[in-house]
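> pasting a predicted model and its sequence here:
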Amino acid sequence: MNGHQKQKEQSRMMIEDALFLIMEEKPYAQITVSEIAKRADVSRRTFYRMYHEKDEVLHCYFERLCREYRGQNAALEHYDIRRIAQEYFTFWGRYRDTLLLMHRCGLDQMLYFELSRASGAVVKARISGRVRENDRETEYFAEYSTGGFSLLLQRWIAEGMEKPAEQYAQAVSQALLKFIGTATK
């Protein structure tokens, strides 16, 4: 990473941190770009070189988390609900404070959109190594899986993420396997 890229990355992180700090203090709708830039100790010009609006800060944040998740979890040979639930909830559990903050700020719809978008890319990447006859079928499955896991994560967030990730993943996978097993008989 050269000096310019390093500086850009630092500015990006400072802007994200500033936005999250301000979100702790006031409603999201009342936060301005000027406040974010001032708290991040960057100019408005720097902010606008990187983002078009404050929502884009969150969008890019979740995009980065999606890349991180994909980098940590290889493509699957077969769909293993227990493994997927364990990896998924453990990963998102590390971002508990941010997810709960977004929920407290009333950003559940944005959070669901971002989690679904990020999760969809992850599911497609994780099953892309599998031999498949129909790309449309892969997309259907990825969207089905994404929707389910995203809603389960939303539920965990709404419940305050009280249960540890491992315990929540185990409860989710047991319930899913119970019903999937019943449905396939």
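Sure thing, it's come through.
> secondary structure element holding the residue positioned nearest the centre of the chain?
Taking C-alpha atoms, centre = their mean, the centroid of the chain lies closest to L115, which sits 4.1 Å from it. Element membership for L115 (DSSP states H and E) is helix 108-127.
> so what touches that helix?
Applying C-beta atoms under 8 Å, 6 or more residues apart in numbering, the contact partners of helix 108-127 are 55, 58-59, 62-63, 65-66, 69-70, 73-76, 79, 84, 88, 92, 99, 102-103, 138-139, 141-143, 145-147, 149-151, 153-154, 157-158. Where you see a C-beta, it was placed from the backbone N, CA and C, and this is true even at glycine.
> are any of those buried, and which?
58-59, 62, 65-66, 69-70, 73, 76, 84, 88, 92, 99, 102-103, 138, 142, 145-146, 149-150, 153-154, 157 (16 or more other C-beta atoms under 10 Å).
> low-confidence ranges, the protein, go.
In the prediction, the chain carries residues with pLDDT under 70 at positions 74-75, 128-134, 182-185.
> what about the strands in it?
Assigned by DSSP state E, the chain shows no strands.
> helices along that one, start to end?
3-25, 33-40, 44-50, 54-72, 81-93, 96-104, 108-127, 135-158, 165-183 (DSSP state H).
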